[in-house]
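Undergrad: Take this sequence and fold it.
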Amino acid sequence: MVHRFLHLALPLVVTAACTGADDGPPPPLTDQDSDGWTSAIDCNDADAEVGPPRDWFEDADGDGYGDTATATIACPGTQPAGTIAQGGDCDDSDPTVNPGATEVEGDGIDQN
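TA: Model (predicted):
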């Protein structure tokens with residue numbers, strides 16, 4: 001008889017825990033600064049110059065192109081130290097090798 005009582009009481013406890021005030025739907029997404037980014041992803045929805053977080057890349061060789069394997073995501077204005085916005089460096093240990101480098105014909109090195 002005790003076993004039967006516990007079996008019946010359990011659904012009542014679960015049901016009681018699930019009832020309560022309905023908070024309703026989440027607030028609608030807004031774009032306070034009209035920059036095209038909603039408040040859910042805009043780093044500062046009061047400033048139209050600031051949008052969503054972006055990738056920042058380490059630039060070990062200082063050539064203005066970062067190593068895409070080192071991507072860090074952060075909001076504009078909070079750029080991590082030692083990073084840049086432009087990725088795509090294919091050899092971040094050599095400043096003469098990057099997507100903007102001038103190709104030197106016949107040297108056996110792919111500069112860009």
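
Undergrad: show me where pLDDT drops low in this protein?
TA: 1-22, 107-111 (pLDDT under 70).

Undergrad: got the residue ranges for the helices in it?
TA: Shown for the chain, the helices assigned by DSSP state H span residues 2-18.

Undergrad: Identify the neighbouring strands of the longest strand anywhere in it in the sheet and state each direction.
TA: Of all the elements of type strand in the chain, the one with the most residues (DSSP state E) is strand 54-58. In the sheet containing strand 54-58, its partner strands are strand 72-74 (antiparallel), strand 83-84 (antiparallel), by DSSP bridges.

Undergrad: Relative to T96, which of those strands is closest?
TA: strand 83-84 (17.2 Å; C-beta to C-beta). Every residue, glycine included, has its C-beta placed from N, CA and C.

Undergrad: Spatially central residue in this protein, please.
TA: Of all residues in the chain, the one closest to the mean position by C-alpha atoms, centre = their mean is I73, 4.7 Å from it.

Undergrad: Hmm, R54 and that residue touching each other?
TA: Yes. Using C-beta atoms under 8 Å as the test, I73 is close enough to R54 to be in contact (7.0 Å).

Undergrad: hang on, the earlier thing: please identify the deepest-packed of the strands paired with strand 54-58.
TA: Compared across the strands paired with strand 54-58, strand 83-84 shows the largest average neighbour count, a mean of 16 (mean count of other C-beta atoms under 10 Å).

Undergrad: Name the surrounding residues that touch it.
TA: Contacts of strand 83-84 from elsewhere in the structure, counted by C-beta atoms under 8 Å, 6 or more residues apart in numbering, are W56, F57, E58, D59, G64, Y65, G66, T70, T72.

Undergrad: most neighbours, which of those residues?
TA: Of those, G66 is surrounded by the most neighbours, 26 neighbours in total, counting by other C-beta atoms under 10 Å.

Undergrad: Roughly how far does the residue nearest to the centre of the chain sit from A48?
TA: 21 Å (C-beta to C-beta, to the nearest Å).

Undergrad: Likewise for A71?
TA: For A71 relative to A48 (C-beta to C-beta), the value is 25 Å.
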